[in-house]
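Undergrad: Any chance you can model this:
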Amino acid sequence: MTWTIFWAGTAADQPAYDQFTHGSCAVGCGPVAWAILFGWADRQAASGNAYWAPRNGLYRVNGGRGADAVAPITQDAGVRNMIIELHNAVGTFCAFGSGATTPWDMPGARSYLNGRTGTRLSAHWNSVGIHETRLANYAAESIAYRRTPAVIGTGWLSHYPVAWGYAWQRRTVRHTFAWWSWTETVTDTCFYVNNGWGGGGAGQWIDAGTWFAGEITP
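TA: Predicted coordinates:
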């Protein structure tokens with residue numbers, strides 16, 4: 001059995017952004033995930049990625065709407081401003097000390113893009129948190145075909161990491177029951193994620209099941 005692996009860039013490309021207290025609660029993993037994805041694309045536009053070259057402006061000076069700047073790889077005051085704007089745009093609310101964001105509010109991140117860049121945002125979800133193959137496929141196709149990370153959802157309203165690696169393998173499983181034997185072909189799939197905990201590319205492999213997929217295109 002051999003895994004086929006696709007990457008959207010390298011570990012060094014992954015912004016090391018993290019949550020922080022905003023008001024009386026954590027700012028939320030949803031806004032942090034969008035900030036990581038936007039920061040990643042902005043840095044790609046600045047570094048010569050031909051696919052993203054036309055889309056600078058995703059990050060601007062001090063996270064505002066002024067002159068163009070390259071998104072920092074590590075979090076600073078400007079990145080915090082960016083995350084707070086996204087927090088407000090997606091309606092993150094306080095739930096037991098954590099910042100929670102409903103999937104149907106996540107597309108509100110488009111308002112951050114308006115007036116800054118022509119980048120387009122798409123979001124797809126299951127409203128009750130059920131994992132769907134079609135949703136995993138949106139994220140997998142972004143990574144494998146467009147070499148661009150995607151936001152996914154793990155745990156119902158629990159966490160939004162950024163997937164930037166995708167792997168699959170196909171294996172044969174033999175079953176036996178009494179005198180009857182048969183084989184079954186099984187496909188395993190995984191995402192490698194930046195959890196938005198300040199670790200950047202030092203992420204982890206997780207099962208590719210998801211109830212949310214958020215993608216951007218130039």
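Undergrad: Let me see the ranges of the strands in this protein.
TA: Defined through DSSP state E, the strands belonging to the chain, from first to last, are 4-7, 21-22, 25-26, 93-95, 98-100, 120-125, 150-152, 162-177, 180-194, 204-207, 212-217.
Undergrad: Can you lay out those as TSV showing distance to P72, mean neighbour count and mean pLDDT?
TA: Any C-beta I mention is one placed from the backbone N, CA and C, and that applies to glycine too. Compiled in TSV, the strands of the chain are given as follows (distance: least, CB to CB, whole Å; neighbours: other CB atoms under 10 Å; pLDDT from 0 to 100):
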stretch	distance to P72	mean neighbour count	mean pLDDT
strand 4-7	22	14	97
strand 21-22	19	14	96
strand 25-26	21	18	95
strand 93-95	27	14	92
strand 98-100	21	19	92
strand 120-125	21	18	98
strand 150-152	19	28	98
strand 162-177	16	16	89
strand 180-194	15	15	88
strand 204-207	23	14	96
strand 212-217	19	24	98
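Undergrad: which phi and psi does Q19 have?
TA: Per-residue torsions, Q19: phi -80, psi 160 (degrees, to the nearest 10).
Undergrad: could you pull out the helices for this protein?
TA: Taking DSSP state H as the criterion, the chain carries its helices at 29-47, 77-89, 110-113, 133-146.
Undergrad: tell me which strands and helices the first one is in contact with?
TA: If I follow you right, that is helix 29-47. The elements that helix 29-47 packs onto, with contact taken as 3 or more CB pairs under 8 Å, 6 or more residues apart in numbering; DSSP states H and E, are helix 77-89, strand 98-100, helix 110-113, strand 150-152, strand 162-177, strand 212-217.
Undergrad: redo that, cut-off 6 Å
TA: In this structure, helix 29-47 packs against helix 77-89, strand 162-177, with contacts taken as 3 or more CB pairs under 6 Å, 6 or more residues apart in numbering; DSSP states H and E.
Undergrad: what's next to the last one, contact-wise?
TA: With CB atoms under 6 Å, 6 or more residues apart in numbering as the test, strand 162-177 has contacts from 1, 3-8, 33, 36-37, 139-140, 143-144, 149-152, 182-194.
Undergrad: so what's Y192 up against?
TA: Y192 makes contact with 165, 203, 205, according to CB under 6 Å, 6+ apart.
Undergrad: how about the nearest residue to N56, chain neighbours excluded?
TA: Ranked by CB to CB, 6 or more residues apart in numbering and with sequence neighbours excluded, the top spatial neighbour of N56 is A45, at 4.3 Å.
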